[in-house]
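J.: coords please:
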Amino acid sequence: MNSSSAERSLEELGLEVSTEVFGSGEDEQRAIVGVGGIFDQAAVTIRPSTGVVLVTAGSTCGEGSAAELGDLVFAESTARDQWRYLPATEGPASVPQFYFPSYGPVYYDEAGDPVDPQPVLAELPVAPYGG
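T.: Numbers count the residues shown, from 1 in each chain. Got it, this is the predicted structure:
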């Protein structure tokens, strides 16, 4: 893949594309970045001397159909096995179950006793790691 084919591919997705070249010779790296459309940002990084091509994309979570998403992401899969790849009940407005499953966490008071009834989370949790 060269820069022009990466630029063309991103433009065909309706993205606004910019290209930057960093370094030269064996250290050359090309960064092709596209913004807009269905992506917050899509990037293709090309290192010509090694033949390495890295493609990344990021998007915000939005309302939609899990089946439609499955068709876009797993084009070769069938409806029979898509359930294996997609969350069954999570959506943009739900509390992430991967972090707070329906059976936990158990909240305790200062004395170490479980709080009864357990609180209902109305806001997304703050992860205990990272920033």
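J.: could you list the low-pLDDT ranges of the protein?
T.: 1, 60-67, 69-70, 73-105, 119-131 (pLDDT under 70).
J.: mind listing the strands for it?
T.: Applying DSSP state E to the chain gives strands spanning 16-22, 29-36, 39-47, 52-58.
J.: in TSV: those strands, plus distance to N2 and mean neighbour count.
T.: C-beta here means a position set from N, CA and C on the backbone, and glycine is covered the same way. Shown next, in TSV, are the strands of the chain (distance: least, C-beta to C-beta, whole Å; neighbours: other C-beta atoms under 10 Å):
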stretch	distance to N2	mean neighbour count
strand 16-22	11	13
strand 29-36	8	19
strand 39-47	7	18
strand 52-58	10	12
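J.: now tabulate those strands in JSON lines and tack on distance to P114.
T.: Shown next, in JSON lines, are these (distance: least, C-beta to C-beta, whole Å):
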{"stretch": "strand 16-22", "distance to P114": "53"}
{"stretch": "strand 29-36", "distance to P114": "47"}
{"stretch": "strand 39-47", "distance to P114": "41"}
{"stretch": "strand 52-58", "distance to P114": "39"}
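J.: what angle do the helix ranked longest in the chain and strand 16-22 make?
T.: Longest helix in the chain by number of residues (criterion: DSSP state H): helix 3-12. Following axes from the mean of the first three to the mean of the last three C-alpha atoms, to 10 degrees, one obtains 160 degrees for the angle between helix 3-12 and strand 16-22.
J.: residues touching helix 3-12, excluding its own?
T.: By C-beta atoms under 8 Å, 6 or more residues apart in numbering, the residues outside helix 3-12 that reach it are 17, 19, 30, 32, 34, 42, 44, 46.
J.: measure the last one to Q118 for me?
T.: Which is I46. From I46 across to Q118, the span is 51 Å (C-beta to C-beta, to the nearest Å).
J.: same deal with L15?
T.: In this view, L15 and Q118 are 45 Å apart by C-beta to C-beta.
J.: between these two, who's got more neighbours?
T.: Remark: of L15 and Q118, L15 carries more neighbours, 21 against 11, as counted by other C-beta atoms under 10 Å.
J.: I'm done for today, thanks for sticking with me.
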